[in-house]
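K.L.:
sequence plus predicted model, see below.
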Amino acid sequence: MSITYSMEQPDSLEGWIAIKETPFEDPDARTRLKFLVGWNDAENKLAVTCHNVLKCKKRSADDDRSWAGMFSFQDIRHAHQQMSLVYPQLEPYLPEMPEEMSALWGYLNYYMGTYNDATVGSETAVSNVETYLKIALDVCGKKLVVDTLFMEDSSTEAYFENLNDLKRRGYEDAVSRAADHLQEVLALRTGSINMLDMLGVYELEDTAVEDLLLATVELFHYNLQPFLDVREVAYIKRQELQELVQDPDIGEGRRSQYVKEYNEWQSQYETATEAILQLQIKYFSECVDISTGLKERMLADKQKFGKATWDLHASGRLNRIEERVSGDTLQMLRAKEKQFQAQRRKLKQEMAFLEEGTNLKAELEKLEQKYYAIQVKLYDVQLKIMDEEEALCRKQLGVIQKELKDEEDTVMFYDACEAPEDLEDIDTPQYNSRADPRVTQLKMSLNKTFRKRAFIRNNKKMLVRQKQDEEDAKRQQQDEVTRHHAIQMVEVHTHLYIQVHTHTHVHVHTSYMYNYTQGYTNKCTDKDTPHVQLHT
């Protein structure tokens, strides 16, 4: 006989529900309830009315809401029991209320002759209930009181947490706790007066920074995963629809439907990709900020200690931090490069699918202007990448060359030799930084970076020059059009002057003078109208 145990994952949330931390918190603290309680003889019940009383002048549609209902004294007792389960401090505030005929004690009092119908709807009982409701509002809050009395929200979903939001807040709280712990460690720097104390702080700081980076990357992966899933599904659907569109056996109607679906999934793919790149840029920017803070603190500490002490104990840590800063910066810049490349591809697609129309030229010019701006930004980011790669290579090269130099400067001690012939058996180590494969590899990387940067810089200059030439040509063309229009205006007014002077003997003081050197027309008469004098 074998027994099989089913062990669930300890961190699994399946089958669990999460209650909000403050499920009965008033969502709108600007309002309070005002209760009005009266006795309804026809229904033989309490008439309870409440409405919002706004604390500030600004009002909205929800601020004018009100509630009303009919309640027996037994209903008030039942509501009190429900609210006391959540807030036990409300328990002693329930007032004495008369028994009703519908209750057991009411019938017993009736048969025993102690039942007094006049006390049921007395002003004292009504006033006690109104006072109690005000106390319940102060103790329990608006949401619980309204939900209990008037069944405003009978659904329990409002009291439960969304598990996805709960997980995200958990990751965010972990990041916040790690950041607070790092600040506590940094506070220990003020009490470190020598390098020995500072080395202990460095060890604690490294641990705190690693914890912060780990919490940050977990939050990043949690936020990233939904978009990765959407992009994967969109990619698969797009591939399937592409095969269906290329099928020669389907009709035009079905092919048009497949093309429409393909465009929708393509849009989903691009949206997910943009979100992924944006999250990557945000994450790597946070990593750069953390690493840069480490570097700045190390550079400040370098001024406090002597060169020998610093080189012996802390220079290696500073080199590692500087390499980390360069690595994080490179990843952030490459994410920005991918973002600009994605935007450039999207603009190309928009240009390709422009429809014929009167605004085609204007729309095309607008898209070309956007494309030019994105291309310039892309070149700038690529140049920054080349600069960062050069700085990283030079830093690594300097560290290696310093190690090789220290090895060369190391003094070797040997045992004494009795005869000169014994010296031939001793191999003297020879250090050559140029022959080190690491140095050779880094120098090759530097040369490659120089060539790529020159290529990108030349392309940017050509693009800017081409854009400037196009704008100059467009401006020159516009000037030619303006000049040609001005010449035509002079010819029209000259013809008008000759015609009027020939037939009617009119003395016309012309209102336009053409300036051939500047290419525009000057008005030179009063009120911008020609002055005409007729002679009969």
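P.N.:
In hand now; what should we look at?
K.L.:
residues near Leu312, how many?
P.N.:
12 (other CB atoms under 10 Å). All C-beta spots, glycine's among them, are computed from the backbone N, C-alpha and C.
K.L.:
buried residues in the helix or strand in which it is found?
P.N.:
Applying DSSP states H and E as the criterion places Leu312 in helix 307-313. Buried positions in helix 307-313, judged by neighbour count with 16 or more other CB atoms under 10 Å: Trp310.
K.L.:
could you do stretch 262-282 as well?
P.N.:
Residues of stretch 262-282 classed as buried by neighbour count (16+ other CB under 10 Å): 262, 265-266, 268-270, 272-273, 275-277, 279-281.
K.L.:
starting at the chain centroid, how far to it?
P.N.:
14 Å (CA atoms, centre = their mean, to the nearest Å).
K.L.:
now swap in stretch 362-371 and tell me
P.N.:
On CA atoms, centre = their mean, the centre of stretch 362-371 falls 28 Å from the chain's centre.
K.L.:
same check on stretch 254-267?
P.N.:
In this view, stretch 254-267 has its centroid 30 Å away from the chain centroid, taken as CA atoms, centre = their mean.
K.L.:
now what about that stretch, what contacts it?
P.N.:
By CB atoms under 8 Å, 6 or more residues apart in numbering, the surrounding residues in contact with stretch 254-267 are 234, 237-238, 241-242, 244-245, 250.
K.L.:
6 Å instead?
P.N.:
Applying CB atoms under 6 Å, 6 or more residues apart in numbering, the external contacts of stretch 254-267 come out as 234, 237-238, 241, 244-245.
K.L.:
of those, which is the nearest to Lys474?
P.N.:
Arg238 (39.6 Å; CB to CB).
K.L.:
so who does the closest one touch?
P.N.:
By CB under 6 Å, 6+ apart, Arg238 lies in contact with 265-266.
K.L.:
that one sits in which helix or strand?
P.N.:
Arg238 belongs to helix 195-245, assigned by DSSP H and E.
K.L.:
which intervals of the stretch 401-536 of the chain have sub-threshold pLDDT?
P.N.:
Residue ranges of the stretch 401-536 of the chain with pLDDT under 70: 409-435, 484-485, 490-536.
K.L.:
so which elements touch the longest helix belonging to the chain?
P.N.:
When the chain is parsed with DSSP state H, its longest helix is helix 437-504. If you count contacts as 3 or more CB pairs under 6 Å, 6 or more residues apart in numbering; DSSP states H and E, helix 437-504 packs onto helix 360-409, strand 520-523.
K.L.:
kindly recompute the last result at 7 Å.
P.N.:
If you count contacts as 3 or more CB pairs under 7 Å, 6 or more residues apart in numbering; DSSP states H and E, helix 437-504 packs onto helix 360-409, strand 507-509, strand 512-515, strand 520-523.
K.L.:
export these as TSV, with columns for mean neighbour count.
P.N.:
What follows is the helices and strands packed on helix 437-504, written out as TSV (neighbours: other CB atoms under 10 Å):
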stretch	mean neighbour count
helix 360-409	15
strand 507-509	13
strand 512-515	14
strand 520-523	13
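K.L.:
and of the ones you listed, who's closest to Ile135?
P.N.:
Among those, helix 360-409 sits nearest to Ile135 (CB to CB), with 63.4 Å.
K.L.:
and the closest one with helix 437-504, angle?
P.N.:
Relative orientation of helix 360-409 versus helix 437-504 (axes from the mean of the first three to the mean of the last three CA atoms, to 10 degrees): 150 degrees.
K.L.:
now the closest residue to Leu94 other than its chain neighbours: which helix or strand?
P.N.:
Excluding its sequence neighbours, the residue lying closest to Leu94 (CB to CB, 6 or more residues apart in numbering) is His80, at 4.9 Å. Element membership for His80, per DSSP H and E: helix 73-86.
K.L.:
pretty sure Pro98 is touching Thr124, no?
P.N.:
No. Under the criterion of CB atoms under 7 Å, Pro98 lies out of contact with Thr124, with a separation of 9.6 Å.
K.L.:
who has more neighbours, the two?
P.N.:
Pro98 (19 against 11).
K.L.:
what pLDDT does that one get?
P.N.:
On pLDDT, Pro98 comes in at 80.
K.L.:
same question for Val145.
P.N.:
Value for Val145, per-residue pLDDT: 88.
K.L.:
does it belong to a helix, a strand or coil?
P.N.:
Of the three states, Val145 takes helix according to DSSP: H, G, I helix; E, B strand; the rest coil.
K.L.:
what is the burial count for it?
P.N.:
Residues near Val145, counting by other CB under 10 Å: 25.
K.L.:
how close does Thr124 sit to Thr49?
P.N.:
Thr124 sits 20 Å away from Thr49, going by CB to CB, to the nearest Å.
K.L.:
residue ranges with poor pLDDT in the protein?
P.N.:
In the chain, residues with pLDDT under 70: 1-15, 17-18, 20-31, 54-64, 100-121, 152-159, 358, 409-435, 484-485, 490-536.
K.L.:
before we move on, back to that, out of the contacts of stretch 254-267, which comes closest to Ala174?
P.N.:
Set against Ala174, the nearest of these by CB to CB is Ala234 (30.7 Å).
K.L.:
touching stretch 70-84 from outside, list them.
P.N.:
40, 43, 45-48, 90-91, 94, 97-98, 100, 102-103, 129, 136, 140, 144, 148-149 (CB atoms under 7 Å, 6 or more residues apart in numbering).
K.L.:
just the buried ones from those residues, in ChimeraX syntax?
P.N.:
Buried subset of these, written as a ChimeraX selection, criterion 16+ other CB under 10 Å:
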select :45,46,47,48,90,94,97,98,100,129,136,140,144,148,149
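K.L.:
can you flag which of the contacts of stretch 70-84 belong to strands?
P.N.:
40, 45-48 (DSSP state E).
K.L.:
and the furthest pair within these?
P.N.:
Greatest spatial distance among these (CB to CB): Asn40 and Val48, at 10.0 Å.
K.L.:
picking up where we left off before, tabulate the helices and strands packed on helix 437-504 in CSV, adding columns for distance to Arg451.
P.N.:
Output for the helices and strands packed on helix 437-504, formatted as CSV (distance: least, CB to CB, whole Å):
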stretch, distance to Arg451
helix 360-409, 10
strand 507-509, 71
strand 512-515, 54
strand 520-523, 52
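K.L.:
looking at these, spot the one closest to Ala473.
P.N.:
So among the helices and strands packed on helix 437-504, helix 360-409 is nearest, using CB to CB, at 13.6 Å.
K.L.:
how far does the closest one sit from its chain's centre?
P.N.:
25 Å.
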